[in-house]
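**Student:** with the input below, show me the fold.
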Amino acid sequence: MITRYRNNAIKLFGISVSLLILILLLVNMRAFGLPDALAAVGGILLGTFAVVFYVQANIALAKAKGHDSSSVAAIIIVASLCLAGLFFAMPLILIFGFQDKTKARKRSKDTTPEPIHRNPPAKLPPLRNNDIG
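**Tutor:** Residues are numbered from 1 along each chain as shown. I've put the predicted structure just below:
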């Protein structure tokens, strides 16, 4: 898994969830006098951005596994046409269903530490005789 894309996906998932929480807070603010029209417009805007960040996070997660973003597009199309619950299970499908195509880093199997190689002490030229005649 490519860590740069994985970290980006986690960040985008966090933004998406925080926007969904903001929608709930906005709807609850109607009890404190927030106009219904403002809550509706704000909820639609926040919901739209939450879905956009969610899809971008899934694309970043597919890239982290070494796949194209077209594979995520195929899942989105199937999810929107067949099962709505599949849309929310998309990260689980990407994590557990897709094979990791990235190359594993080669790690040394030798556990013995390497000896420390130090340079030998420098050989200085002979000292000049300061006795000038």
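**Student:** tell me, please, the helix or strand in the protein that averages the lowest pLDDT.
**Tutor:** Across the helices and strands of the chain, mean pLDDT, DSSP states H and E gives its lowest value to helix 84-88, namely a mean of 73.
**Student:** what's in contact with that helix?
**Tutor:** 75-76, 78-80, 93 (CB atoms under 8 Å, 6 or more residues apart in numbering). C-beta: built from backbone N, CA, C; applies to glycine.
**Student:** who touches the next helix or strand after it?
**Tutor:** Going down the chain from helix 84-88, the next helix or strand is helix 90-92, by DSSP states H and E. Helix 90-92 is contacted from outside by 13, 57-58, 61, 72, 75-76, 79, using CB under 8 Å, 6+ apart.
**Student:** among the residues you listed, which are in helices?
**Tutor:** Using DSSP state H, the subset of those located in helices is 13, 57-58, 61, 72, 75-76, 79.
**Student:** closest one of the residues you listed to residue 33?
**Tutor:** residue 13 (32.9 Å; CB to CB).
**Student:** tell me the pLDDT of that closest one.
**Tutor:** What the model reports for residue 13 is a pLDDT of 92.
**Student:** what's the closest non-adjacent residue to it?
**Tutor:** Distances taken as CB to CB, 6 or more residues apart in numbering place residue 57 nearest to residue 13, at 4.6 Å, with adjacent residues excluded.
**Student:** alright, that wraps it up for me.
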